[in-house]
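>>> sequence? don't have it. structure:
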């Protein structure tokens, strides 16, 4: 019995020529030649044993909190750092499967994602794929279903394998900047997929890289296990068949240039990838080289690699595109999603899952709107009163350790988390304890009625700008949040301040006069100026960038006095045609787009507040078509020479998921696949008109996300995937 | 102990054992709920009045207002006691259960088993493994002395859900003199009434985190029965396949809401997932994949699963349109083209949505195959109601076809729109006879359900669809003039008007640009307020409406979830809690508006979550904890 990769490699025997298919017209002949050689995958004893270990650990962890997860991660790092220190001059090698442990990783045994897997069904007639009378052929850059030629029943290509090499970029999502794919793919077993070399400037980079590489390996295994559950693959007790003559070896080499391991607005996330194959005996050696500017580039390259591999239902093994050249990098440094955990609490498991799904789309920013006036689920060490009074329930909280482990988990997946603690409005529940503890009113109008007079939506609440204790508490909260998140950018909120609420504070006019604040905008601006000082102090006076929502303040001249563009980024939630955009660009503000006319994931699902607030659903095309270049060129007042100057100020986009009507059951369906549409807009920034091929590719990406456990929405009947040409409307054609 | 070779595991075990679980050690909330002015309010514990006890939200909801946490609201008397008894699920005793037959008794046993698990599910730590997380009975634990005793009496030997089966019940709770036991009596004519009573009983019980026990009202009297006989949902498994496990979860959800019909739109042009024993070619060619198939065994098991939960599965075999993939093997098998225009393009010329396909009424072989499929379906599914589809026939598919033209020519007719309507009528009458010929008990009169269509129209309905044989399901808008026409012409009707009850609306279009055709999304408020009786006026007078209802012509309603953009991952969120809104409309036909039901539906939704469904959220949790404050 083999129990490690290296041994496996040494044991590896004869290799066969990989059959090549030079074009789809040759496919029938190719399949005829290979039909008797379907490879049936069998889990190795090694992976089986890891599965058992995993299963137990995951089970134990599911019964404990995620704090444990963090500890395990730290332990993992120690192990990695030690092991790399011992033989740092050699190739960096790790046993298979050493990746982060967390609830979403339990894909082997009882993951929630598999709970609904289709059970094996014995129909007695055509449970065997061999009876399936259809094959898939790439026509017009889309894989379409055709009947199997009657006298050549084995001449079949499965759907996913067809897509691997179909069209300009196969099933890659988002499309790489430059890509060249061969029309051929080679079969291999996941047991013969090796991470052979990891090189980088520091041990930490190598450790992160090996974690990311192991995730890729897990993804491959999962492709098979998913199907195994459905009765196609053989049982886990079968003998391993490493010596099968048709097998091919895949060797992956990963090179990182720079030592950067934190993601910022200027991190280079680009990578280059080359896949080539050499015939060896009767098999082939597939070489994969990924060269990233940073760890993040390599991670994206590994994601691309996993999308160049598919499970083949016919041969029951994996196939990889065998000749590939890719040069790739993102159009924007911020490609994100915003999650609100204050309207409704979202369990950590689901946030882990969200980060997974983001990484499948090369999205890199999770903007976490962690608190609001509804609830305060962040468990602050220094100010535990906040969650005590403000959490929906004692167990509906996020601790600093929970967050630390999440942040590291996200880092390995190329995602940074930007926390938002919204202030001075959108703050209420959680701040009630001031009077009883001698801090005075920290927030005012908490739950005040009629709410419409005092806030944008119930429950009301707004921080009290004339109570100095507010700033003291803010600094403590900032300190705790910065300890948890370790970020250089922090979202301070700043939206929807209502003057009426502050008018009710006793002596507020005196306060304003004393501080030479002329109107409410001054009061509001002054709050941001003071709270920014506290944020900076909380960051031990190191530079830190604050993000604010666009508002009446950012749209005013007063705003400029209080919000220094060197320190503040503005996140636009106005419509794309708002005058503010041009104003802010002229004043050198950096912008992130969340324009309300194209980027709101929660719209159109009925009203939660009486008969109102039912806005139109934003379909995926709106996200895909939200071209930021077009938005800024509208803001140049007919001076096109400004476009390139302004473009530097546009950091990217964040689609928002406000959770008034969202919980863990439905969040995936609201995030995906629309989030994927946005991901391609922000990564690839396509300039050619959106064709129906985009729809077909997005359907395929949706299918992939589902297979990886994302509870994605469905865009079309499955027949539209199988018969791609059929689902256009000639009367209402795609643009 | 091979695992221990791995240092990872050692580390893992060490850290698991060393790290205390700080989250759970967190001090409890400074807030509790209490009932003030018929509203559960969240107050700081220190500010509770002397006569108020801190309650969990779920317990507070049980009797804070006249309807407590009951959903759908009962139609007869509701009296809820003001005190609670704490108890553990192991001390629930089913004392007597009377049933008219062994089969009914066996079904009752199943219902009791299901009820017992609901009680475990109320505990937040329940792991769905049958193991009770409640404290065991111990000396000195007063709660362990308390019991809930249940007697069930059913009268008639009725085994299946049939239209107008008696689903009513009377439920009464009473505590004994020692105040350590509540005895419950359930009286119902049928098993289905008794099952509904158990559902209601489960809604009088909640978990109390203050005592780590269940609490039940000390006293209650509820008499209840539905206003409408047909209360259902449509599940489409052809546009996208839905696994059997998910269908079971849907049936669970129906049973929580006393909904009684699952209309299974099992096939369509897109795919043919129903495995027909006599015509296996249908799935071979028509299933999306060899795994996306319902076997005979699975379908049979599902029918029984539904029956135990008070639900009838009404199978639909849509024809002659909405049939294509699965029918393409005719020519190769020497049977000719059994369906025409399969996957034909441009689709908009030949069908209402892609892929196209319409049965070929000129081909006798098609009728033979159709008869076999009907037989296979009727062997498994209900023989009282059978849905024959009949919607969206596009005559253009037949118009230019040479085979159809020849067929008509032999009858001395030209191929025109009007002769094609006749041909459709001929198809329908042949198909109806095939259904009759193939039902299990030939003497029974199967009732066919048909969608509103050009055939079921003011011009053609009376001629082609005799009111004795057909129920018409209305999917057009509430304003469609065909609705009063059908009532006046003695048709029985089921309402599914898309302007209020289509649950698939409001997402991006699945063909072309923009949002889907029936946008916007139908919020639960809209679903709740769509009243079949109200929408008949002013076209019908109040007397006519009353007569039609009493005559059994308004059977009820059904919310369709067409599955172009649905699969098992999103099914439950789209169905629930909006099906609850539908359920109260059809069970109780309330004369109050949605606002009066808001806090109850939010609580009912929460109960769905406790039972393991995945419903969507209606509001921020703050609105659940602070009743009545999220007004518009």
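Cool, got the structure. None of these values were measured; they are calculated from a predicted model.

>>> mind checking which helix or strand residue B:335 is in?
Taking DSSP states H and E as the definition, one finds residue B:335 inside no helix or strand.

>>> do the same with the one 10 residues further on
Taking DSSP H and E as the definition, residue B:345 sits outside all helices and strands.

>>> Counting neighbours, what do you get for it?
The local packing of residue B:345 (other Cβ atoms under 10 Å in any protein chain shown) involves 16 other residues. For glycine as for every other residue, the C-beta is placed from the backbone atoms N, C-alpha and C.

>>> Read off the pLDDT value for it.
Listed pLDDT for residue B:345 reads 88.

>>> if I look at it, how far off is chain A?
7 Å (Cβ to the nearest Cβ, to the nearest Å).

>>> again, but for residue B:179
Distance from residue B:179 to chain A, by Cβ to the nearest Cβ: 31 Å.

>>> Am I right that that residue falls within a helix?
No - going by DSSP: H, G, I helix; E, B strand; the rest coil, the assignment for residue B:179 is coil, not a helix.

>>> Return the residues in contact with it.
B:85, B:218 (Cβ atoms under 8 Å, 6 or more residues apart in numbering or on different chains).

>>> what's the spacing between it and residue B:159?
Look at residue B:179 and residue B:159: by Cβ to Cβ, to the nearest Å, they are 40 Å apart.

>>> next one: residue A:305
The value you get for residue A:305 to residue B:159, if Cβ to Cβ is used, is 58 Å.

>>> Run a quick neighbour tally on the residue nearest to residue B:98 when sequence neighbours are not counted.
Closest residue in space to residue B:98, ignoring its immediate chain neighbours: residue B:153 at 4.7 Å, by Cβ to Cβ, 6 or more residues apart in numbering or on different chains. Residue B:153 has 16 neighbours, counted by other Cβ under 10 Å.

>>> same deal with residue B:54?
The local packing count at residue B:54 equals 15, with neighbours defined by other Cβ under 10 Å.

>>> Help me confirm that it comes into contact with residue B:45.
Yes - Residue B:54 is within contact range of residue B:45, at 5.7 Å (criterion: Cβ atoms under 8 Å).

>>> so what sits against both of these two?
Joint contacts of residue B:54 and residue B:45 (Cβ under 8 Å, 6+ apart) are residue B:32.

>>> returning to what we had before: show me which of residue A:305 and residue B:159 is the more surrounded one.
Neighbours per residue, other Cβ under 10 Å: of residue A:305 and residue B:159, the larger number sits with residue A:305, 25 against 16.

>>> Could you tell me which residues within stretch A:615-625 count as buried?
Buried positions in stretch A:615-625, judged by neighbour count with 16 or more other Cβ atoms under 10 Å in any protein chain shown: A:616-625.

>>> Would you mind listing where the chain has pLDDT under the threshold?
As the question left the chain open, I've gone with chain A. Counting by pLDDT under 70, the ranges of chain A that qualify are A:1-130, A:150-154, A:225-247, A:611-614, A:724-726, A:729-735.

>>> My question was about chain B, not that one.
Using pLDDT under 70, the flagged stretches of chain B are B:1-27.

>>> returning to what we had before: show me which of the buried residues of stretch A:615-625 neighbour chain B.
By Cβ under 8 Å from any Cβ of the partner chain, the members of those lying near chain B are A:616-617, A:619-621.

>>> mind listing the strands for the stretch 201-350 of chain A?
A:249-256, A:271-280, A:283-292, A:309-312, A:317-321, A:324-328, A:334-340 (DSSP state E, counting those that start in this stretch).
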